[in-house]
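# A structural model of the following input is requested.
(one chain, ligands or ions: 1)
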Amino acid sequence: MYDFKIDTADKAEAWRQIVAAADSLTQGEPDAVANMANVAALLFESLAELNWAGFYRNVYGELVLGPFQGRAACIRIPFGKGVCGAAAATLEPQLVDDVDAFPGHIACDSASRSELVVPLVHGGELVAVIDLDSPRKGRFDAGDLAGCLELARLLAPRLGAGSNASSEALKMS
Ligand code: SME
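Presented below is the predicted three-dimensional model:
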């Protein structure tokens, strides 16, 4: 059993503990789905005021829903569409205080008011994006962005097998 309790009010410290927990959950595990599933659960349990936390994977140049916690969500997002698509197209994180003010925002869950999306890049290629949604406007700040970037740096090399690789196998079958 894993029992990570991240209950500090210090945001930098909370993110440090989240990254450390993600490290121990994914270290030595080559299966991308398992790693994304555990990290989505960790984020959803550890961060306050979230209604969705999870991954969209780069599957042949399109974002496809990956492991997440929250309500059932849009399955495919083209690069350039919505907040996730903007992060995928630019490889730049997107910190959106008010999703209603973001042109083309995709409302998977109408409760979402703010969003943080961070691309996971490995070997110059987009592997996936981490998507965090909150029902509170302005929920995410520079501290969340810094923490999530650190998490992305850790995870990007650990999401190889089982992501595009399993899609390749399906395509060939
Ligand atoms: N709101 C996102 C879509 C994904 S859901 O929030 C889970 C977007 O605009 O890209």
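
# now do the helices in the protein.
11-26, 32-46, 82-90, 142-155, 164-172 (DSSP state H).

# which of those is buried the deepest?
Highest mean neighbour count of these: helix 82-90, a mean of 22 (counted as mean count of other C-beta atoms under 10 Å). The C-beta positions use only the backbone N, C-alpha and C, and glycine is treated the same way.

# who are the packing partners of it?
Judged by 3 or more C-beta pairs under 8 Å, 6 or more residues apart in numbering; DSSP states H and E, the packing partners of helix 82-90 are strand 52-59, strand 62-70, strand 76-78, strand 94-96, strand 114-122, strand 125-134.

# go with 6 Å
strand 76-78, strand 94-96, strand 114-122, strand 125-134 (3 or more C-beta pairs under 6 Å, 6 or more residues apart in numbering; DSSP states H and E).

# among these, which comes closest to Gln69?
strand 125-134 (10.5 Å; C-beta to C-beta).

# show residues contacting that closest one.
49-58, 84, 87-88, 112, 114-120, 156, 159 (C-beta atoms under 6 Å, 6 or more residues apart in numbering).

# and what of stretch 89-99?
For stretch 89-99, using C-beta under 6 Å, 6+ apart, the contacting residues are 79-80, 83, 86-87, 102, 105, 112, 114-119, 121, 137-138, 140, 145.

# and the ligand, which of those reach it?
For the ligand, the contacts drawn from the contacts of stretch 89-99 by C-beta under 6 Å from any ligand atom are 83, 105, 112, 115.

# who's in contact with the last one?
In other words, Glu115. Counting by C-beta under 6 Å, 6+ apart, Glu115 has contacts 83, 96, 99, 133.

# again, but for the first one
The neighbourhood of Val83, defined by C-beta under 6 Å, 6+ apart, consists of 94, 96, 102, 105, 115, 117.

# want to try a markdown table for those residues, with pLDDT as columns?
Formatted as a markdown table, the contacts of Val83 follow (pLDDT from 0 to 100):
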| residue | pLDDT |
| --- | --- |
| Gln94 | 98 |
| Val96 | 98 |
| Phe102 | 93 |
| His105 | 90 |
| Glu115 | 98 |
| Val117 | 98 |
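
# return the distance of Pro119 relative to the ligand.
In this view, Pro119 and the ligand are 12 Å apart by C-beta to the nearest ligand atom, to the nearest Å.

# next one: Asn38
Taken as C-beta to the nearest ligand atom, the span from Asn38 to the ligand is 18 Å.

# same check on Ala32?
From Ala32 to the ligand the distance is 19 Å (C-beta to the nearest ligand atom).

# now do Ala53
9 Å.

# where does this structure have low pLDDT?
161-173 (pLDDT under 70).
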